[in-house]
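1. Dropping the sequence and predicted coords here.
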Amino acid sequence: MGNGFVIWALVTALLPLSLRFALQLLNCRRSRKRAVGFFHPYTNDGGGGERVLWCAIKAIQEESPDLECVVYTGDHDASPQSLMGRAVDRFGVELLHPPKVVHLYKRKWIEETTYPRFTMMGQSLGSVYLSWEALCKLNPLYYVDTSGYAFTYPLARIFGCKVICYTHYPTISLDMLSRVRDQSSMYNNDALIAKSIWLSRIKIIYYTFFSWMYGFVGSCAHLAMVNSSWTRTHIEKLWKIPHRTMRVYPPCDTSGLQVLPLERPTETLKIISVAQFRPEKAHTLQLEAFSVAIGKLDADLPRPKLQFVGSCRNKSDEERLQNLKIKAVELKVDADVEFHKNIIYRDLVKLLGAAIVGIHSMIDEHFGISVVEYMAAGAIPVAHNSAGPMMDIVLEEDGQQTGFLACSVDEYADAILKVIKMPEAERLTMAKAARRRASKFSEQRFYEDFKAAIRPILTHTSK
């Protein structure tokens, strides 16, 4: 009697909510717009993911001019004109016309600060709530996720959308599971957990369960585009939809950078690092390697200058940037280090055109657009020996070395010194080979491959 009463009470309480949900969903499905909705809550992150967003919108505008492009964003100051201007100013991408903007007001549910523990799960479930807000405001024919929120795909399918995604980096990877098993401390594995066998086992269970859920929701995509060989390997193992998974290299501004002269000023040697001020970008390692290189530098060689260029998404990134400045003072290299925050595209090109070395240090960087930009601009890349840079980018071109791969502080320092000490003719030979290699990842190549990937879905749906 007691159990029956409890069940009756739950059904009575949940029935109105279920009916409300069903009616709202029915209304949304009936009012579906002939549009392409881009789920990209942060349209001011300034990274390679944002470049993909603008290039993807431009590709849709060129491929299907009759489809309206809509951007779901949590940036409340965003407008069609401001986003169109941002695409040009920050990335040099000229859209055919401004995209429609749908503002989201529940973005706090996907912010990492909202979930001190079980962050991945919290953000993933929070993204479902945010996408519910988005789809209720405008239900498009095609739902395109360019930010990696795979948990929103089942909901988009329930709303009747064709789901297309461009995945830069799997939310969870088999490498992450391996590091927890090995009790390795990293930015995504707290040292306290890494030191504890029991906490590590609990996290393995959590990661295993999460990877199963991630595999299920990811398999709901009608088309999954991935940005590198490394990402494709992991996504195919997790989502198990290889016939719907295509590798489309991200758009890199190789054409605009390739016109820069390969000769560089010799009075001050410039070393550049282009990356958002996020923990996984490992800026501290770069700073320490630079300090070691300075310490080993011959007295007769000019003292180089390290330039950090990146954007800050939030307060945590701002604090990270400030800590990096403090670290430079501690290492006594602050006079040789510059910080350029949230600069416009034109200024970035100018800095790239003066650098002889470009540093990248993220472990398992899914692709590495900044590495390609270094190569296109004529700067010799020193990238992390893993994932995208190792598998796709810093490879020989016509038998000629195109850059260096490193892991430790000493390896980075040695590679930096090799470029600094390199005879000009040898540096130019390597820079030319690197530039030829970079042309394989051009913006035009992205447009061609992206359109080829989405064309079957657009053609099938229009019939």
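-> Great, that's in hand. Since the structure is predicted, the reported quantities are computational estimates derived from the model, not experimental observations.

2. end-to-end on stretch 147-154?
-> Its first and final residues considered, stretch 147-154 spans 16 Å by Cα to Cα, to the nearest Å.

3. tell me the SS of the closest residue to M390 other than its chain neighbours?
-> Nearest residue to M390, sequence neighbours excluded (Cβ to Cβ, 6 or more residues apart in numbering): L405, at 6.0 Å. Glycine gets a C-beta too; all of them are placed from N, C-alpha and C. Secondary structure, DSSP: H, G, I helix; E, B strand; the rest coil: L405 is strand.

4. Identify the bridge partners of L405.
-> A383 (DSSP bridges).

5. how close does it sit to L297?
-> According to Cβ to Cβ, to the nearest Å, L405 stands 22 Å off from L297.

6. Then M246?
-> Note on M246: its distance to L297, by Cβ to Cβ, is 46 Å.

7. Skip the chain neighbours and tell me the closest residue to G92.
-> Excluding the flanking residues, the one nearest G92 by Cβ to Cβ, 6+ apart is Y345, at 5.4 Å.

8. If you could redo that for V394, that was the one I meant.
-> Nearest non-adjacent residue to V394 (Cβ to Cβ, 6+ apart): G403, at 4.4 Å.

9. and what of F159?
-> Leaving aside its chain neighbours, F159 sits nearest to L135 (4.9 Å; criterion: Cβ to Cβ, 6+ apart).

10. What is the neighbour count of that neighbour?
-> Neighbours of L135 under the rule other Cβ atoms under 10 Å: 27.

11. how about it, secondary structure?
-> Applying three-state DSSP: L135 is helix.

12. And it, how close does it get to V217?
-> Using Cβ to Cβ, we find L135 at a distance of 15 Å from V217.

13. Going by the annotation, which residue ranges form each domain of the chain?
-> Using automatic domain parsing, the domains assigned to the chain come out as 11-251+444-462, 254-441.

14. Dump those domains to JSON lines, plus mean pLDDT.
-> Putting the domains of the chain into JSON lines (pLDDT from 0 to 100) gives the following:
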{"stretch": "domain 11-251+444-462", "mean pLDDT": "86"}
{"stretch": "domain 254-441", "mean pLDDT": "93"}
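
15. and the gap between K432 and P304?
-> K432 is 22 Å from P304, where distance means Cβ to Cβ.

16. When those two are compared, which one has more neighbours?
-> Using other Cβ under 10 Å, the more surrounded residue of K432 and P304 is P304, with 22 against 16.

17. Would you mind confirming that H366 is in contact with S229?
-> No - the criterion here is Cβ atoms under 8 Å, and H366 misses it with S229 at 10.0 Å.

18. Identify the contacts common to the two.
-> G388 (Cβ atoms under 8 Å, 6 or more residues apart in numbering).

19. Hmm, the residue nearest to M390 is touching G388, no?
-> No - using Cβ under 8 Å, L405 makes no contact with G388, being 11.4 Å away.

20. Neighbour count for these two, which is higher?
-> G388 (29 against 19).

21. give the contact list for the more buried one.
-> Listed by Cβ under 8 Å, 6+ apart, the contact set of G388 reads 227-231, 365-368, 371.

22. Tell me which helix or strand it sits in.
-> Applying DSSP states H and E as the criterion places G388 in helix 387-388.

23. rewinding a little: so for H366 and S229, which sits in the more crowded spot?
-> The neighbour count for H366 versus S229, taken as other Cβ under 10 Å, is higher for H366 (25 against 16).

24. Would you list the phi and psi of the more buried one?
-> Here is the backbone geometry of H366 (degrees, to the nearest 10): phi -50, psi -50.

25. I'd like to know how many residues surround the closest residue to E443 other than its chain neighbours.
-> Nearest residue to E443 in three dimensions, chain neighbours excluded: P251, at 4.1 Å (Cβ to Cβ, 6+ apart). The number of residues packed near P251 is 28, by other Cβ under 10 Å.

26. Likewise for P116?
-> P116 is flanked by 8 other residues according to other Cβ under 10 Å.

27. Next up, phi/psi of it, please.
-> Main-chain torsions, P116, degrees, to the nearest 10: phi -60, psi -30.

28. For K341, see how far away it is.
-> In terms of Cβ to Cβ, P116 sits 27 Å off from K341.

29. swap in P98?
-> From P98 over to K341 (counting by Cβ to Cβ), the distance is 27 Å.

30. Of those two, which one has the most company?
-> Under the criterion of other Cβ under 10 Å, the comparison of P98 against K341 puts P98 first, with 17 against 14.

31. Need the three-state assignment for the more buried one.
-> Going by three-state DSSP: P98 is coil.

32. can you tell me how far it sits from I205?
-> Where I205 is concerned, P98 sits at a distance of 47 Å (Cβ to Cβ).

33. picking up where we left off before, how many other residues sit next to the residue nearest to V394?
-> G403 has 27 nearby residues by other Cβ under 10 Å.

34. same thing with C55?
-> When neighbours are counted by other Cβ under 10 Å, C55 registers 23.

35. ok, and the closest non-adjacent residue to it?
-> Using Cβ to Cβ, 6+ apart, the closest residue to C55 is P251 (4.3 Å).

36. quick one: the one you found and F446 touch, right?
-> Yes - with contact defined as Cβ under 8 Å, P251 counts as touching F446 (3.7 Å).

37. Mutual contacts of those two, please.
-> With Cβ under 8 Å, 6+ apart, P251 and F446 have common neighbours 52, 55.

38. Tell me the spacing between the spatially most central residue of the chain and E397.
-> The centre of the chain sits closest to G49, judged by Cα atoms, centre = their mean, with a distance of 4.5 Å. To E397, G49 is 27 Å away according to Cβ to Cβ.

39. Give the buried residues for stretch 307-321.
-> Residues of stretch 307-321 classed as buried: 307-313, 317, 320-321 (neighbour count, 16 or more other Cβ atoms under 10 Å).

40. Identify the residues contacting D449.
-> D449 is in contact with 246, 248-249, counting by Cβ under 8 Å, 6+ apart.
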